[in-house]
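> 3D, please:
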Amino acid sequence: MAHNRENIYDSTHNNENLTAPSPRVHDTNGGAPLEKDFSQNGNPYHTHLDSHHDSDAALRKIRTAGSISISPELFEKLYLSPQNKVSGDLRRTVANPTPLALIGFLISLHPLSMDLMGWRGAGGSGAAGTGTYFFFGGLLMILGSLGEWIIGNTFPFVVFGSFGAFWLGWAATLQPFYNAYGAYSPTDVAADGLNTVGFRSSFAFFFVAMAVMCFVYLICSLRTNVVFFMIFLTLVIAFSCLAGAYWQTNNGNLVLAGRLQVTAGAATFCTCMFGWWIFIAILLAGVDFPFSLPVGDLSGFIKGASEKNKEHV
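Predicted structure coming up:
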């Protein structure tokens, strides 16, 4: 009984984050601190929360349980990041920033994908959505990135921040004020710079860099879920095709350039379908909806380094 009493987490100290080390918990090896993690850890008062728990009941359990864990699938569905250990309890204090960044991404990319495919006579450059790129893609994704940084989610923080910068960069390029294409114009008309070999070749390298970046994210997403993985896979295809479209236009292969542009639009359209799926899944989980959408948990597909180290201890 004394042994159990020694390992019980003090429920009055409920300001600890679900993943934070708890100075109130000790093992039997000389009273050394025992790290609070997602395993039962021999604690008979351990509680496991998953996506099927009622929100009120979950809150009561958080206040009273000896230790808390949530399923990897629920965590990754909410935060698009593998479970990680952070200090503080901000994940229970502030709102989840992930859906804010996602909606900024989707409202910007979805119309652009249809522009690239030329639906209903839409233009290929997507210049009509410049304001959307600034205030949805740029603003909301940067805000979402800062939110992820605050709660300690490194991967979505970097992903959302980099894509927020992408949308701001795209919008700025389309703005005459920044003279991005005007600098290439052989005439006094700034818009003529859009049709120059120099501008198109230079801008294509931007898409190449984005494709490389998304490929890195694609590898990292193998620790998250299937939907996130497919988002980056389709983006790698899209950015590669956009770069090819610009270069083939310079080569005079307009038919091939048009096909590459349409392919890029189709790929980004698929990206948006996956994005809407995971956005809806996160919101349903956030409001404790009676059913949830699967996202394909991949946390057990590639084990983390810390998990492997624990197995060898």
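> quote the end-to-end distance of stretch 277-296.
Start-to-end span of stretch 277-296 (C-alpha to C-alpha, to the nearest Å) is 12 Å.
> please identify the buried residues of it?
Applying a neighbour-count criterion of 16 or more other C-beta atoms under 10 Å, one finds Trp277, Ile278, Phe279, Ala281, Ile282, Leu283, Leu284, Ala285, Ser292, Leu293, Val295, Gly296 buried in stretch 277-296. Heads up, the C-betas are built off the backbone N, CA and C, glycines and all.
> okay, and the third one sits in which element?
Read that as Phe279. helix 254-286 (DSSP states H and E).
> and that helix, what other elements does it pack with?
helix 72-79, helix 98-117, helix 226-250 (3 or more C-beta pairs under 8 Å, 6 or more residues apart in numbering; DSSP states H and E).
> ok so, going back, in the buried residues of stretch 277-296, find the pair that's most separated.
Leu283 and Gly296 (17.8 Å; C-beta to C-beta).
> quick one: the helix holding Phe279 to helix 98-117, angle?
160 degrees (axes from the mean of the first three to the mean of the last three C-alpha atoms, to 10 degrees).
> could you check the pLDDT of Phe228?
With respect to pLDDT, Phe228 scores 93.
> the nearest residue to Ser201 once chain neighbours are set aside - how many residues pack around it?
Distances taken as C-beta to C-beta, 6 or more residues apart in numbering place Asn250 nearest to Ser201, at 5.9 Å, with adjacent residues excluded. Per other C-beta atoms under 10 Å, the neighbour tally for Asn250 reads 15.
> quick one on the thing from earlier: quick check: which of the helices and strands packed on helix 254-286 is nearest to Phe269?
Using C-beta to C-beta, the helices and strands packed on helix 254-286 put helix 98-117 closest to Phe269, at 4.1 Å.
> then the closest one to PDB, C-alphas only?
The C-alpha coordinates for helix 98-117 follow below in PDB (Å, rounded to 0.1, in the frame of the first residue of the first chain):
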ATOM      1  CA  THR A  98      -4.000  23.200 -36.700                       C
ATOM      2  CA  PRO A  99      -7.400  23.700 -38.400                       C
ATOM      3  CA  LEU A 100      -6.900  27.500 -38.700                       C
ATOM      4  CA  ALA A 101      -3.700  26.900 -40.800                       C
ATOM      5  CA  LEU A 102      -5.400  24.200 -42.800                       C
ATOM      6  CA  ILE A 103      -8.400  26.300 -43.800                       C
ATOM      7  CA  GLY A 104      -6.000  29.100 -44.900                       C
ATOM      8  CA  PHE A 105      -4.200  26.600 -47.000                       C
ATOM      9  CA  LEU A 106      -7.400  25.100 -48.500                       C
ATOM     10  CA  ILE A 107      -9.100  28.300 -49.300                       C
ATOM     11  CA  SER A 108      -6.000  29.500 -51.200                       C
ATOM     12  CA  LEU A 109      -5.100  26.200 -53.000                       C
ATOM     13  CA  HIS A 110      -8.500  24.900 -54.000                       C
ATOM     14  CA  PRO A 111      -9.500  27.800 -56.300                       C
ATOM     15  CA  LEU A 112      -5.900  27.900 -57.600                       C
ATOM     16  CA  SER A 113      -6.100  24.200 -58.500                       C
ATOM     17  CA  MET A 114      -9.200  24.900 -60.600                       C
ATOM     18  CA  ASP A 115      -7.500  28.000 -62.200                       C
ATOM     19  CA  LEU A 116      -4.500  25.800 -63.200                       C
ATOM     20  CA  MET A 117      -6.900  23.300 -64.900                       C
END
